[in-house]
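A.B. asks: just the structure for this:
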Amino acid sequence: MRIIQVTIVLSLLSSCAFANVKDRKSEYSVADLKELVRPFYSDGCSRWPEGTNDNPEAWLECCYEHDISYWMGGTEKERLSADLELRACVTEKFSEWMGFLMYYGVRTGGRPGFDTSYRWGYGWKINRGYFELTELEREYLQSILPLKGEDIHNYIKID
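C.D. replies: Next up is the predicted model:
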């Protein structure tokens, strides 16, 4: 019961935070995007272990892929899809209970209205909320992402 109450409170707080979505234009130019978007980086599993003592990176790759989606941002539906993919990946690589825990953690703590380095759309220097990415934005973001097959460790910054 307590978990449900906390989730409801967090949902209300994050919906209030969208009153602060900063100066969202209907479309940005490439020059705007170069100013508004941070280079891609991942913080691994965002204040959560990347694995176990025996396998320290057991689900790190899952978190890295999840961070790509969170860095880009987009719609609420896209966020749900990214979170479900994280859950499935962690379940496959480790266990169902760990996938469950991580899924509920990101659903609660990754809302775009939160001022954290791991929120939905964290690649943007502005709070975009759940706005759909335009074709130009999506193309630009994908053009500055790491290439498939690159060593993910080159992009992970864990504090």
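
A.B. asks: state the distance from residue 154 to residue 39.
C.D. replies: Separation of residue 154 from residue 39 (CB to CB, to the nearest Å): 12 Å. For every residue, glycine as well, the C-beta is placed using N, CA and C.

A.B. asks: centroid residue for the chain?
C.D. replies: residue 70 (2.2 Å; CA atoms, centre = their mean).

A.B. asks: shouldn't that residue be in contact with residue 85?
C.D. replies: No. Judged on CB atoms under 8 Å, residue 70 makes no contact with residue 85 at a distance of 11.4 Å.

A.B. asks: please enumerate the helices of this structure.
C.D. replies: Remark: helices assigned in the chain by DSSP state H are 2-17, 30-36, 60-72, 76-93, 96-109, 135-143.

A.B. asks: return the most buried member of these.
C.D. replies: Comparing the helices of the chain by mean neighbour count (mean count of other CB atoms under 10 Å), helix 60-72 ranks first with a mean of 22.

A.B. asks: which residues sit against that helix?
C.D. replies: 40-46, 48, 50-51, 78-79, 81-83, 85-86, 89-90, 93, 106, 110, 118-123, 133, 138, 141, 145, 152, 155-156 (CB atoms under 8 Å, 6 or more residues apart in numbering).

A.B. asks: what does stretch 128-145 give?
C.D. replies: Taking CB under 8 Å, 6+ apart as the rule, stretch 128-145 contacts 18, 21, 24, 27-30, 33, 37, 39-40, 68, 71-76, 79, 112-113, 120-121, 123.

A.B. asks: how confident is the prediction for residue 73, by pLDDT?
C.D. replies: pLDDT for residue 73: 98.

A.B. asks: let's have the chain start at 227 instead
C.D. replies: Understood, numbering begins at 227; the last thing we discussed is residue 299.

A.B. asks: please report the distance of residue 307 from residue 292.
C.D. replies: 11 Å.

A.B. asks: contact partners for residue 333?
C.D. replies: residue 309.

A.B. asks: what's the answer for residue 261, then?
C.D. replies: So, once contact is read as CB under 8 Å, 6+ apart, residue 261 ends up touching residue 351.

A.B. asks: can you give me the distance of it to residue 275?
C.D. replies: For residue 261 relative to residue 275 (CB to CB), the value is 35 Å.

A.B. asks: swap in residue 266?
C.D. replies: Taken as CB to CB, the span from residue 266 to residue 275 is 22 Å.

A.B. asks: what do you get for residue 345?
C.D. replies: 20 Å.
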